[in-house]
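Q: sequence unknown, structure follows:
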Ligand SMILES: [Zn+2]
């Protein structure tokens, strides 16, 4: 071995540079392989104007015309968002001496006719003013990119791999996202297709990292913009215990790492496969009630990585980004996720039996005081949420709708108690959720239909559950006392002094028999169901 002189160093550097360029071309272009490629770049030089500038370069597209579309919605938020309204200055460039024609062919579509097949560049601006978990936002402090609101797909070709490069505003040094980072870069990421790209928002700025934790050797991170001052260890410890319960219940860890991304003040969170983006500012978390509420909210978004992202209704994937994706089963995807947010936090030992029961009190009080329950079934509320608004509360209309976030967990409770009662407490709703995961997601790689969901419940129960499913498909009044009594519980009705609305409270019956005690114990988490004990051994 000999030492390297200055001249040698220059030659070596050039050689390395050459190797690097070749390597980069290979990864980037797919030009060596002839496969189609799409590369996006987003810059944000003028954050006070609330604008992203987006450029796209694509190649090896065997198309005479290329139809670019901006999604109409993003999975997880079942509302038409009209993202294309925020696009301006769309232009296309086919390179030297290549005439390119651009036609607007619809509200969210642009047709580009390149001079010849091959490569193409387009660029456009995106207004990013609404600080909301399903919308783009940028100001002088930070930026939040919702990929479905930012990156156009080529119609019918959402399966093309995509690479994105973010050019953060000067002084910003961090990006939180579930996307895979390109090795050796700080701000470049890849996705194997547009479904994954649209599943991974990006939070950009000077971010803080809360303590991370591992469960079974898998790391969970929490990155946030201005998370505030509170007992971070307490929050993370609660989160870790609840995640552990979820993974123990499912018997599988479907991701290599998971990131909670706190986007700052606001309302709501959206679930993704290996991350969740949540409005979060840490305010008020010194109060135990607020801390418990925050934990339930985070566990809800987390558990969605199973229920809806993997365990999903047949209609929710592959997605059609051009229109509403209607399903009767959002009560399963959302309502049962609310149910499990309560159950997992209880099983983790983070709330008492009374606190658990009061969660259902709130749902029952909302549903039973909602006139909409006479007009709309749970499955209708799922199907019509695109028209009714995210919580069944479309302003200005007569109250003829309900929210699956409220009635869904009630039916979840009734379903769980009915299954436990029918099987002498040997099986539960957990078995249904596991079956849906292992059978439909893992084995068949698809979602389930309405009939398949009911069939799964009935197979686990070993009997017909048609009476329970009437609470899904009709507006029939719920017979609470029958199902609650399986667990030694009862519902009492009173009147709220302030609002004069009906007020319901679930309490324990006085003298429980052996079967009621045992069912209540295993349901509420005091006694683990047998299947979990087996998994934990
Ligand atoms: Zn949800």
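A: Okay, I see it. Keep in mind that this is a model prediction, so the values were computed, not measured.
Q: What is the burial count for residue 139?
A: Using other CB atoms under 10 Å, residue 139 is surrounded by 15 other residues. The way it works is simple: take the backbone N, C-alpha and C, and place the C-beta from them, glycine included.
Q: same deal with the one 3 residues further on?
A: By the other CB under 10 Å criterion, the neighbourhood of residue 142 contains 22 residues.
Q: Leaving out the residues flanking it, which one is nearest to it?
A: Nearest-residue entry for residue 142: residue 205, 3.1 Å, with adjacent residues in sequence omitted and distances by CB to CB, 6 or more residues apart in numbering.
Q: For that neighbour, report the pLDDT, please.
A: We have a pLDDT of 98 for residue 205.
Q: Could you do residue 99 as well?
A: Per-residue pLDDT puts residue 99 at 80.
Q: Give the next helix or strand downstream of the helix or strand in which residue 470 is found.
A: Take DSSP states H and E as the rule and residue 470 turns out to sit in helix 466-473. Under the assignment DSSP H and E, the closest C-terminal helix or strand after helix 466-473 is helix 480-486.
Q: Which positions in that following helix come out as buried?
A: Buried residues in helix 480-486, defined by neighbour count with 16 or more other CB atoms under 10 Å: 480, 483, 484, 485, 486.
Q: after that helix, next one along is what?
A: Sequence-wise, the next helix or strand downstream of helix 480-486 (DSSP H and E) is strand 489-495.
Q: Quickly run through the sheet partners of the next helix-or-strand element following that following strand, with directions.
A: The helix or strand immediately downstream of strand 489-495 is strand 502-508, counting by DSSP H and E. Note on strand 502-508: by DSSP bridges, its sheet partners are strand 489-495 (antiparallel).
Q: right, and out of the buried residues of helix 480-486, which lies closest to residue 458?
A: Residue 458 has its nearest neighbour among those in residue 483, at 16.0 Å by CB to CB.
Q: Name all residues that make contact with that closest one.
A: Counting by CB atoms under 8 Å, 6 or more residues apart in numbering, residue 483 touches 413, 414, 417, 418, 421.
Q: quick one, what contacts the third one?
A: Contacts for residue 417 (CB under 8 Å, 6+ apart) come out as 483, 484, 486, 487, 519, 523.
Q: Just give me how far the helix or strand containing it sits from the chain centre.
A: If you go by DSSP H and E, residue 417 is part of helix 404-422. Relative to its parent chain, helix 404-422 has a centroid offset of 22 Å by CA atoms, centre = their mean, to the nearest Å.
Q: what's the answer for stretch 183-201, then?
A: Computed by CA atoms, centre = their mean, the chain-centroid distance of stretch 183-201 equals 16 Å.
Q: What sits closest to residue 341 if chain neighbours are left out?
A: residue 300 (3.9 Å).
Q: What is the neighbour count of that neighbour?
A: By other CB under 10 Å, 24 other residues sit near residue 300.
Q: how much space is there between residue 505 and residue 492?
A: Going from residue 505 to residue 492 by CB to CB, to the nearest Å gives 5 Å.
Q: wait, residue 99
A: Using CB to CB, one obtains 77 Å as the distance from residue 99 to residue 492.
Q: what's the answer for residue 177, then?
A: Relative to residue 492, residue 177 is positioned 48 Å away (CB to CB).
Q: Among these two, which residue is more densely surrounded?
A: Neighbour tally, residue 177 and residue 492, criterion other CB under 10 Å: the higher count belongs to residue 177, 23 against 9.
Q: Tell me which stretches of the stretch 101-250 of the chain form helices.
A: Using DSSP state H, counting those that start in this stretch, the helices found in the stretch 101-250 of the chain span residues 194-198, 232-250.
Q: Using CSV, lay out those helices together with distance to residue 121.
A: Formatted as CSV, the helices of the stretch 101-250 of the chain follow (distance: least, CB to CB, whole Å):
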stretch, distance to residue 121
helix 194-198, 19
helix 232-250, 43
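Q: Tell me which of those is the most buried.
A: helix 194-198 (a mean of 22; mean count of other CB atoms under 10 Å).
Q: what's it in contact with?
A: Applying CB under 8 Å, 6+ apart, the contact partners of helix 194-198 are 71, 74-75, 147-148, 151, 153, 158-160, 162, 164, 179, 191, 273, 317-319, 321.
Q: ends of stretch 472-484, how far apart?
A: Stretch 472-484 has an end-to-end distance of 18 Å (CA to CA, to the nearest Å).
Q: Can you find the helix or strand in the protein with the smallest mean pLDDT?
A: helix 6-29 (a mean of 36; mean pLDDT, DSSP states H and E).
Q: Could you dump the buried residues of helix 480-486 into CSV and include distance to residue 371 and pLDDT?
A: Below are the buried residues of helix 480-486 laid out as CSV (distance: CB to CB, whole Å; pLDDT from 0 to 100):
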residue, distance to residue 371, pLDDT
480, 19, 98
483, 24, 98
484, 24, 98
485, 28, 98
486, 29, 98
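Q: Once you drop chain neighbours, what's closest to residue 525?
A: Nearest non-adjacent residue to residue 525, counting by CB to CB, 6+ apart: residue 347, 3.9 Å away.
Q: that older thread, show me the two of the buried residues of helix 480-486 that sit farthest apart.
A: Checking those with CB to CB, the most distant pair is 480 and 486, at 11.2 Å.
Q: ok, the closest residue to residue 379 other than its chain neighbours - contacts?
A: Excluding the flanking residues, the one nearest residue 379 by CB to CB, 6+ apart is residue 328, at 3.9 Å. Neighbouring residues of residue 328 by CB under 8 Å, 6+ apart: 313, 379, 380, 382, 383, 450.
Q: quick one: contacts of the helix holding residue 470?
A: 331, 377-379, 407, 411, 414-415, 418, 454, 457, 476, 478.
Q: and the angle from that helix to helix 404-422?
A: 180 degrees (axes from the mean of the first three to the mean of the last three CA atoms, to 10 degrees).
Q: Tell me the confidence at residue 94?
A: Value for residue 94, per-residue pLDDT: 74.
Q: That one reaches residue 113, doesn't it?
A: No - distance between residue 94 and residue 113: 9.2 Å, which falls outside the contact criterion (CB atoms under 8 Å).
Q: tell me the contacts of residue 240?
A: Counting by CB under 8 Å, 6+ apart, residue 240 touches 213, 215, 220.
Q: Was I right to think residue 376 contacts residue 402?
A: Yes - with contact defined as CB under 8 Å, residue 376 reaches residue 402; the gap is 5.2 Å.
Q: List the buried residues for stretch 41-50?
A: 41, 42, 44, 47, 50.
Q: could these go into TSV alongside secondary structure, pLDDT and distance to residue 108?
A: Formatted as TSV, the buried residues of stretch 41-50 follow (DSSP: H, G, I helix; E, B strand; the rest coil; pLDDT from 0 to 100; distance: CB to CB, whole Å):
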residue	secondary structure	pLDDT	distance to residue 108
41	strand	98	21
42	strand	98	19
44	coil	98	23
47	helix	98	25
50	coil	98	20
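Q: Distance to residue 132 for those - can I get that in TSV?
A: Shown next, in TSV, are the buried residues of stretch 41-50 (distance: CB to CB, whole Å):
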residue	distance to residue 132
41	24
42	19
44	18
47	17
50	13
